[in-house]
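Engineer: Quick one: sequence and predicted model below, then my questions.
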Number of protein chains: 2
Amino acid sequence: MSKTAVTGSLLSLEIDRAAVGTLCRQLLEQLRAAIDSGRLPAGSRLPSTRVVADELGVSRNTVIQAFDALSAEGYLESRVGAGTFVADQRRLAPSSVAAGPQPAAAGRAYPFRSLSRRGRSLVASSTDEFAERPRSFMPDVPDLREFPIKTWLRLLGETSGRLTGEILADTSNAGYEPLRRALAQHLSASRGMCCDYRQVIITTGSQQSLDLTCRMLVDPGDPVWLEEPGYLGARSVIRANGGVVCPVPVDDEGICVEGAEVTHPVPSLIYVSPARQYPLGMTLSVPRREALLRYARASGAWVIEDDYDYEFRYQGHSPQAVHGMDKDSRTIHIGTFSKILLPSFRLGYMVVPPDLSEAFGKARAIVDRHASLIEQMVLSEFMHRGLLVSHIRRMRGLYRARQLHLIAGLQSLLGQALPLAGTDTGMHLTLPLAPEAGDVALTRRAAQLGITLRPLTPYYATRQRRQGLLLGFAAFNNSELDLGLQKLAPMKADLARLLQRQP
Amino acid sequence: MSKTAVTGSLLSLEIDRAAVGTLCRQLLEQLRAAIDSGRLPAGSRLPSTRVVADELGVSRNTVIQAFDALSAEGYLESRVGAGTFVADQRRLAPSSVAAGPQPAAAGRAYPFRSLSRRGRSLVASSTDEFAERPRSFMPDVPDLREFPIKTWLRLLGETSGRLTGEILADTSNAGYEPLRRALAQHLSASRGMCCDYRQVIITTGSQQSLDLTCRMLVDPGDPVWLEEPGYLGARSVIRANGGVVCPVPVDDEGICVEGAEVTHPVPSLIYVSPARQYPLGMTLSVPRREALLRYARASGAWVIEDDYDYEFRYQGHSPQAVHGMDKDSRTIHIGTFSKILLPSFRLGYMVVPPDLSEAFGKARAIVDRHASLIEQMVLSEFMHRGLLVSHIRRMRGLYRARQLHLIAGLQSLLGQALPLAGTDTGMHLTLPLAPEAGDVALTRRAAQLGITLRPLTPYYATRQRRQGLLLGFAAFNNSELDLGLQKLAPMKADLARLLQRQP
C-alpha cells in the first residue's frame, strides 16, 4: 500500500450495525464529511473497496455503492490501474466564459464550493448525451418530417380562439383536464391501466417526471435500483438527487429482481423500462413483472415504470403495463410524447398512485407550475379526434419497414447471421460485439466517417460490461439508411470480425 | 408549563457553539431527529422559543427560524393561543382519490412516511395561491385579450417551415441560441446589464428559475434571506429545498440589509425584487442596491434579483438592474414572459454569473432538458422583429390608464385621501389598512360579492404584519373595473373606516 493510502481505521470510520439498511449511507456521509473537513485532502488514495469492507465488516457491495455515489458527486475519482482518489474539487469548477464583455468577471473563477452540495451533484451527474448532433443511425429520434405539422397548426389556430376563457379558468398544476381525461382513456385502452384522470399529471417530459419522482420518493443516501445496463437519463437524475444507484442485471426476460433481493440493499425506488428495456430491447416477461411487484409489496419500494417505446411494437403484443397489474399501487408510470410527436414539444405524463396524486400535483406547482397550456390544449384536441392513435399506427408501419430495411442492409454488409435481439420493438437495433471489440473506439471511428453509432458500454454502471453498438433507424428513410451503410463500408471487415455470433 | 411540555434539557439538545453560523441548523436537525425517532411524539407541546433560547444560550431568532423551518416541513404546527406542537404527520397524508375505478386502492392510505423527507417538504411548502380562479381585481394576471395572437400564429406558421433542420441542430439545454442572443441584447438596452448571451439560460418561467437556483446554491439548513413581506412563490421554493427562510424587513427604499447583517445568520442566498418589491410596490433605492452588493461581497452570499414587473413603470425611470451594478458577479437575474405575453407560455430566463453558466446549463439538462423549442423560436422571431418592445410599450400605456381609472374609482368610493404607495409601477395597487382591519376576513366577504381581493398579511412570515389589500387592474378594462367597484359598494363604509390614513 502506498504512503498516501488511508485505511478505514485511519479515517476513523465507524459503522453502527444496529441501524439496518443504512450501512452504505453511514459510510457515504462519513467519507464526505472527512473530505469536506479536509481530513482527507485532495489527491489522497483510498484503500481498495475490499480492504475497507474487511476492516468495517460490511459487504464489499456496500462500499462500492458508497464510492460510486461519491464519484457521482465529484468527491472521488478513479484512475485506471491506480485506484480511487479524493478528487481535486477545484478542477470541477465550471470554466469561465471566454471573452465575455463583463470586464470585472474576467480571469476570476469561484471555488466550486460556492455551489451547494446538491448543486455539485446535479452538475457532476450530467452527461454529454443531450448535446449530440444528429446524423445517420442516431437513436432515440423520431422522423420530424413525418410530424403532421399542418394538422397541428390548424388545431392551434382553432384552439387559440378559445384561449381567453380557458387559459384563465384552467390553472391546474397537474395539467389541462381534458388532456388528462384523454390520456387516462388512451392508457386504459392501449396499456390496460384503468386509471382515474386525477392520477394523470402532465409534465414537460420524462426527464421532469423522473426528477420529480426522485425528489418526492428518494432521500439522499437511499438505494435506488436501476437496470444494468440502463437508461443514462435515469442514472443522472437518481445521482443528482443524492440516490445511490444499485445496478441490477438484466437477462432475456428483463430485470432480475429475485437475484438482487439477496445481494442488494432494500431500495426506496426501482426504475424499470418494461415495454422495451433500454438499451438492450427485450420486454419484461409477465412472471418477472409479477416478481417485481411481489418484491415491491414486500419491501415497501416504489416502482418507476418508464413506458419507453411501447408504441413501436412490430410483432406479438405488449404485456399489460406494470401499473395496470399493480394491485398495491406502488407504481409510478411515466410516458412521453417526445418519441411519437416532436422532442421539442416538451410534453410528457406520469400516472401516480391515487394516494399520491394530490402530493405530486402540489410539488409540480413548486417545481415549475405547469406545462405550456396551449400545447396541452392542442394535444388534447389531437387525441380527442383520434389523430394520435392513427399517427402512432402510421409511424409504427413506417418504422417497421425502416427496421427491416436496415436489417437487410446490415446482413448484406456483415453477413447473414446477425446476432440481433429485441427486434420486435423499438427505434434502434443493438448489435452485440465480442468482448475485445472496444465499442467506444469504434464509434469514434464511425464519427470520422460521418455516422453516429452509439456504444453500449457507457450504459453500464459496473465493470461487468458487454460490448455493442446501437443503430437508430426511425429518423431516416430508406435511401438515407443506404447512404449511412455506404459510409460504414470502410469498417465492414472489422465489424464482421467483432460480431458476437449467437451461441 | 403544562405536563406535555418538553424542555430543551429533556430533549437533550446540544449545541456546539464552536461551529459558527450553524446553530440554527444544529437545532433543526436535532429536533427533526427527535420527532423522526418518536422521542418527541405527535401532540407534544414544545416549550416557547424564549425558553429554548434561554436554556441553550442561543438567540431567540435562531430558535424561531428552526421552528419555522420545521413547520414548513410539516413537523410542527402552531395553535393560536396554545403554543407549538409536534404535528400528527398522518394528518398530512394526501387524501385518496374519491371514487377512482381502481378497486384495489379504495380505502387505502399510505403513511406519509412513504414520501421522502424532501418530498414532504415540497408538499408542505406548497400554497393554494396557484389554484385561484380569476375575477375582478385579481392581481398578477395580464390582459390575455391584448395578446397579439394573430401575429404570434403567423410567426408560428413561418417558423414551423424551419422546424426540421433547426430542431435537430439545436438541442442546447440552456436554450435556443438566437433567443438567448436577443435576450442579452434586450437586457443590455433596457436594464443596463451588459451580459454575454452565454450567461442567459431559458427556463419554463420564474418558478423553475427559482427552484433551479435554490437547488444549485442552497443546501438543506442554509439560511436564505427573503424580503418581509415577500413573494410566496420564493418562500415556497426556498422551504421546499430545505432552506431556512430569514425574513428581512423592507421600508420605503426596499430591503434593509444593513439591519439584518447584525441580527440574521449569514445567508447562502438573498432573494430581492428590486424593480418593484412584491407585494408592496416600492423600488429598491440605489444606495440600498449598493449596500446589498457590498454585503453579498463581504459575506459570500449569492443574490437572486427577481426582475418582476420592471416593464410596467409609469413614472420616473428604473435604476439599472442589480445584476448590471454587480462587479463581483454574485447575482442571478430572473425574468419571465408570463406577465408581458401569456402565463400559459411557460417561458422565462435567468442570467447567471459567467462562472456558473456551464454548471447551470448542465443542471438544466437534468431537471427537464430544455424549454419547448418551437415557442422559443417564435419568441426569438418576435423579439428580433422588435415586436416585444412595441408590445410592452403598448401594454404599459394601457395598464397605466387602467391604474388611473381604478385610483379615481376608489377615490370616489372611499374618499380622496387614499394612502396608496408604489403607484409608479406595477399591475396592482396595495391599499394599507389599520391594524385592526382583519384583511383575510375582508377578502372572504369580497369573495361572496364576486370579487377577488388579496390580503396582505399572508405575505409576511413573521407575526409583525401589516394589514392591507391588493387590487389588480391589469387584466380588466375600464367598464370591468367599474363593475368590480360596484360590487365592492356594500363594503364601502367598512373599508373607508379601516383605511390607514397617511400620517
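Structural biologist: Yes, it's here. Numbers count the residues shown, from 1 in each chain, chains lettered A, B, ... in the order given.

Engineer: and the longest helix seen in chain A, what other elements does it pack with?
Structural biologist: Criterion DSSP state H: the longest helix present in chain A is helix A:387-414. Packed against helix A:387-414 by the contact rule (3 or more CB pairs under 8 Å, 6 or more residues apart in numbering or on different chains; DSSP states H and E) you find strand A:428-432, helix A:478-488, helix A:492-498. The C-beta positions use only the backbone N, C-alpha and C, and glycine is treated the same way.

Engineer: Now mean neighbour count too, for those, in CSV please.
Structural biologist: Shown next, in CSV, are the helices and strands packed on helix A:387-414 (neighbours: other CB atoms under 10 Å in any protein chain shown):
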stretch, mean neighbour count
strand A:428-432, 24
helix A:478-488, 17
helix A:492-498, 15
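
Engineer: for these, which one sits closest to chain B?
Structural biologist: helix A:478-488 (12.7 Å; CB to the nearest CB).

Engineer: Contacts for the closest one next, please.
Structural biologist: Outside helix A:478-488, the residues that touch it by CB atoms under 8 Å, 6 or more residues apart in numbering or on different chains are A:136-137, A:401-402, A:405-406, A:409-410, A:413, A:446, A:449-451, A:473, A:476, A:495.

Engineer: just to revisit the earlier point, go ahead and measure how far the longest helix of chain A is from the middle of the chain.
Structural biologist: 24 Å (CA atoms, centre = their mean, to the nearest Å).

Engineer: In it, which residues are buried?
Structural biologist: By 16 or more other CB atoms under 10 Å in any protein chain shown, the buried positions in helix A:387-414 come out as A:387-388, A:391-392, A:395, A:398-400, A:402-403, A:405-407, A:409-410, A:413-414.

Engineer: which residues does residue A:271 bridge with?
Structural biologist: Beta-bridge pairing for residue A:271 (DSSP bridges): residue A:226, residue A:304.

Engineer: That one contacts residue A:223, doesn't it?
Structural biologist: No - if you go by CB atoms under 8 Å, residue A:271 and residue A:223 don't touch, sitting 11.7 Å apart.

Engineer: Share the number of residues neighbouring the residue nearest to residue A:421 when sequence neighbours are not counted, please.
Structural biologist: Leaving aside its sequence neighbours, residue A:421 sits nearest to residue A:281 (CB to CB, 6 or more residues apart in numbering or on different chains; 6.1 Å). For residue A:281, the neighbour count with other CB atoms under 10 Å in any protein chain shown is 21.

Engineer: correct me, but residue A:281 touches residue A:427?
Structural biologist: No - applying CB under 8 Å, one finds residue A:281 not in contact with residue A:427, separated by 9.9 Å.

Engineer: Can you read off the pLDDT for residue A:206?
Structural biologist: You'll see residue A:206 listed with a pLDDT of 93.

Engineer: ditto for residue A:503
Structural biologist: So, for residue A:503, pLDDT stands at 47.

Engineer: Can you give me the neighbour number for residue A:158?
Structural biologist: Neighbour tally, residue A:158, other CB under 10 Å: 12.

Engineer: SS state for it?
Structural biologist: helix (DSSP: H, G, I helix; E, B strand; the rest coil).

Engineer: give me every residue that touches it.
Structural biologist: For residue A:158, the contact set (CB under 8 Å, 6+ apart) comprises residue A:381.

Engineer: Contact partners for residue A:322?
Structural biologist: Listed by CB under 8 Å, 6+ apart, the contact set of residue A:322 reads A:272, A:274, A:284, A:289, A:292-293, A:303, A:305, A:331, A:333.

Engineer: Likewise for residue A:339?
Structural biologist: With CB under 8 Å, 6+ apart, residue A:339 has these contacts: A:140, A:142, A:308-309, A:311-312, A:427.

Engineer: if you set the cut-off to 10 Å instead, what comes out?
Structural biologist: A:140-142, A:206, A:308-312, A:395, A:426-427, A:474 (CB atoms under 10 Å, 6 or more residues apart in numbering or on different chains).

Engineer: So which of the residues you listed are in helices?
Structural biologist: A:206, A:395.

Engineer: Where neighbours are concerned, which of the contacts of residue A:339 has the most?
Structural biologist: Within the contacts of residue A:339, residue A:426 tops the neighbour count with 29 neighbours, counted by other CB under 10 Å.

Engineer: Can you tell me the SS state at the residue nearest to residue A:421?
Structural biologist: coil.

Engineer: Show me what residue of the stretch 401-503 of chain A gets nearest to chain B.
Structural biologist: For the stretch 401-503 of chain A, CB to the nearest CB, closest residue to chain B: residue A:475, 8.2 Å.

Engineer: wait, isn't that residue in contact with residue A:140?
Structural biologist: Yes - here residue A:475 reaches residue A:140: they are 9.0 Å apart, a contact under CB atoms under 10 Å.
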